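Trainee: How does the following fold in three dimensions:
(chains A and B)
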There are 2 protein chains.
Amino acid sequence: MTKEGVFFEDIKIGVVERFGHYAVLREEAIAFARQYDPQPFHLDDDAAAASHFGRLAVSGWHTGAMSMAMMVAHFDEMGHAGLGGAGLNDLRWIRPVYPGDTLSMETVAQAKRRSRSRPEMGIVEQHVTVRNQHGEAVMTYTAMGMVKVRQP
Amino acid sequence: MTKEGVFFEDIKIGVVERFGHYAVLREEAIAFARQYDPQPFHLDDDAAAASHFGRLAVSGWHTGAMSMAMMVAHFDEMGHAGLGGAGLNDLRWIRPVYPGDTLSMETVAQAKRRSRSRPEMGIVEQHVTVRNQHGEAVMTYTAMGMVKVRQP
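Mentor: Numbers count the residues shown, from 1 in each chain, chains lettered A, B, ... in the order given. The predicted structure is shown next:
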């Protein structure tokens, strides 16, 4: 697909895509947690060791943000005309993410429909699995994204 | 409630709590978007003006992260023994959030249950509404949070 190439009409239901590579840095994880999720097990090694995480773990919202970074980079590569997100369903933080992990994405479009109120937009429901370097799922969710229609 | 005061047993179903105050700064919004959600309408005034957002809007993941910051500050004030999040249901980005907005929280515990696998934990399902300074809901979700049990 060339740049500016993917519109609502082009999205195929049921096709699995794998992409992305996000190296989770300790410094970035702690900076995110300090600003947005300053719970002890996200900030401090000793507190994390005493928690059910076992060692310093990344904020779940940070994992979500990193998944978005991989998604946007993929949109850019594909020339995807994304218009923003409407919402998320069934987000689960399945396993802890640790500094030193490398994350990647697996997505599959499950459904799509035209917007009733905005003829220039369609809504695509996409199931997302974020995996660590061992191939283990660390987070899953279904995203409802708004996508440009080629012929409104 | 005193510090270290709120455990699973203390959480009351159906009680609405209102708290938090997060001033959304333009610089912070752009820095977040640059790292995690670099779509044009989150970064550039002209691109945002041409989009359905009308003007530069905050990343939805950033709004989620800001809601977490208000939640953790509230936990700290209440002496809440939070153990991390299991997931989110039905997250909706209802209205755009703009730099200059001030966000606040409204939460209500909808259900709670003891964990089957971990006797020291309970799971609390809490409905969250994030509002702007006009009292408009900008984001809603249901969070499943793990909370320490006083008497496992």
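Trainee: now chain A, which segments are flagged as low pLDDT?
Mentor: A:1-4 (pLDDT under 70).
Trainee: Strands of that one, residue ranges please.
Mentor: Ranges of strands in chain A, per DSSP state E, are A:16-23, A:82-93, A:102-114, A:121-131, A:137-148.
Trainee: Save those as CSV, and put in distance to residue B:77 and mean neighbour count too.
Mentor: All C-beta atoms are positioned from the backbone trio N, CA, C, and that covers glycine. As requested, those are exported to CSV (distance: least, Cβ to Cβ, whole Å; neighbours: other Cβ atoms under 10 Å in any protein chain shown):
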stretch, distance to residue B:77, mean neighbour count
strand A:16-23, 33, 14
strand A:82-93, 24, 20
strand A:102-114, 33, 16
strand A:121-131, 32, 20
strand A:137-148, 29, 20
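Trainee: out of those strands, which comes closest to residue A:70?
Mentor: strand A:16-23 (3.2 Å; Cβ to Cβ).
Trainee: Output the longest helix belonging to chain A.
Mentor: Taking DSSP state H as the criterion, chain A has its longest helix at helix A:60-78.
Trainee: so how far is that one from its chain's centroid?
Mentor: Remark: helix A:60-78 is offset 5 Å from the chain centroid, using Cα atoms, centre = their mean, to the nearest Å.
Trainee: C-alpha coordinates for it, CSV please?
Mentor: Taking Å, rounded to 0.1, in the frame of the first residue of the first chain, the C-alpha atoms of helix A:60-78 are listed here in CSV:
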residue,chain,number,x,y,z
GLY,A,60,-0.7,-0.3,32.7
TRP,A,61,-1.6,3.1,31.2
HIS,A,62,2.0,3.3,30.0
THR,A,63,1.7,-0.1,28.3
GLY,A,64,-1.5,1.3,26.6
ALA,A,65,0.4,4.4,25.5
MET,A,66,3.2,2.4,24.1
SER,A,67,0.7,0.2,22.1
MET,A,68,-0.7,3.5,20.7
ALA,A,69,2.8,4.6,19.7
MET,A,70,3.3,1.3,17.7
MET,A,71,-0.2,1.7,16.2
VAL,A,72,0.5,5.2,14.9
ALA,A,73,3.9,4.2,13.5
HIS,A,74,2.1,1.4,11.7
PHE,A,75,-0.6,3.8,10.4
ASP,A,76,2.1,6.0,9.0
GLU,A,77,3.8,3.2,7.2
MET,A,78,0.6,2.0,5.7
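Trainee: Close to chain B: what parts of chain A are there?
Mentor: A:32, A:35-39, A:41, A:51-53, A:57, A:59-62, A:64-66, A:68-69, A:72, A:75, A:82-93, A:118, A:121, A:141 (Cβ under 8 Å from any Cβ of the partner chain).
Trainee: Swap in 7 Å and give it another go.
Mentor: Residues of chain A lying close to chain B by Cβ under 7 Å from any Cβ of the partner chain are A:35-39, A:41, A:52, A:60-61, A:64-66, A:68-69, A:72, A:82-93.
Trainee: separation between the residue nearest the centre of chain A and residue B:30?
Mentor: Central residue check for chain A by Cα atoms, centre = their mean: the C-alpha nearest the mean position is that of residue A:67, 2.8 Å away. Counting by Cβ to Cβ, to the nearest Å, the gap from residue A:67 to residue B:30 is 20 Å.
Trainee: Over to residue A:143?
Mentor: As judged by Cβ to Cβ, residue A:143 and residue B:30 stand 23 Å apart.
Trainee: likewise residue A:94?
Mentor: Taken as Cβ to Cβ, the span from residue A:94 to residue B:30 is 31 Å.
Trainee: neighbour count winner among these two?
Mentor: residue B:30 (18 against 14; other Cβ atoms under 10 Å in any protein chain shown).
Trainee: hang on, that one packs against residue B:44?
Mentor: No. Residue B:30 is not in contact with residue B:44 according to Cβ atoms under 7 Å; the separation is 9.1 Å.
Trainee: So for those two, which residues contact both of them?
Mentor: Residues touching both residue B:30 and residue B:44 by Cβ atoms under 7 Å, 6 or more residues apart in numbering or on different chains: none at all.
Trainee: ok, how many other residues are close to residue A:50?
Mentor: Counted with other Cβ under 10 Å, residue A:50 comes out at 12.
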